[in-house]
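Chemist: structural data only, the sequence is not supplied:
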């Protein structure tokens, strides 16, 4: 008699992904060669870290980590080709996968699978037996708020062209795009996306 498969603990697609809480730690099980564990999380636009590690002792799972955006486009693929080294304590290094970087604000999905490494006929192995339990740790931070630092603008002189560049701090560190959000500018004045206020 064949033993039954262990019940799948997480969804096999983005549509059935398990929601991860903020700065959370969860567990998973890759129970078959075709199993995939999907997790869903919202990025706040700041630094994001995802670490997936197999069991600390006696691990058989070599982790592959993929991250997809809300449109289903793969934005990260992590499959470290590092030496797998058993230690005297029974632990094995080189089987985990991790990502650290900045993801666009919005929903993203983490896909965890088992994988192989190298040439199975020489010094590697296939993903067929890459099975086992794992721990997933995730954290994401918010971006610092954008603050306008141009508190005083140069005075305008009558009948002379005017130009002043606005400045701000915070955000992602990338160039900001400026626009008039409320009200309007005086006649003949304009504001460029680069933050230059000028008279035309």
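Modeler: Yep, it's here. On a predicted model such as this, the values are computed, not experimentally measured, just so you know. Numbering: from 1, shown residues only.
Chemist: and the gap between the most centrally placed residue in the chain and residue 192?
Modeler: By CA atoms, centre = their mean, the chain has its centre lying nearest to residue 103, at 4.4 Å. Per CB to CB, to the nearest Å, residue 103 is found 29 Å from residue 192. From N, CA and C alone the C-beta is placed, and that goes for glycine too.
Chemist: right, and residue 37 touches residue 13 too?
Modeler: No. The pair residue 37 / residue 13 is not scored as a contact, 10.6 Å apart, by CB atoms under 8 Å.
Chemist: quick one, which of these two is more surrounded?
Modeler: residue 37 (24 against 11; other CB atoms under 10 Å).
Chemist: and that one, how far is that from residue 194?
Modeler: Distance from residue 37 to residue 194, counting by CB to CB: 45 Å.
Chemist: and if you look at residue 12?
Modeler: Per CB to CB, residue 12 is found 46 Å from residue 194.
Chemist: quick one: which of the two has more around it?
Modeler: Remark: of residue 12 and residue 194, residue 12 carries more neighbours, 14 against 11, as counted by other CB under 10 Å.
Chemist: which residues touch the nearest residue to that one once chain neighbours are set aside?
Modeler: The shortest distance from residue 12 to any non-neighbouring residue, by CB to CB, 6 or more residues apart in numbering, is to residue 36 (5.3 Å). Residues in contact with residue 36 (CB atoms under 8 Å, 6 or more residues apart in numbering) are 12-13, 30, 111-113.
Chemist: show the pLDDT at the residue nearest to residue 24 when sequence neighbours are not counted.
Modeler: Spatial nearest neighbour of residue 24, excluding adjacent residues (CB to CB, 6+ apart): residue 138 at 5.8 Å. pLDDT recorded at residue 138 is 91.
Chemist: verify the stated contact: residue 138 with residue 50.
Modeler: Yes. If you go by CB under 8 Å, residue 138 and residue 50 touch, sitting 5.1 Å apart.
Chemist: what about stretch 62-77, distance to the chain center?
Modeler: Centroid displacement of stretch 62-77 relative to its chain, using CA atoms, centre = their mean, to the nearest Å, is 9 Å.
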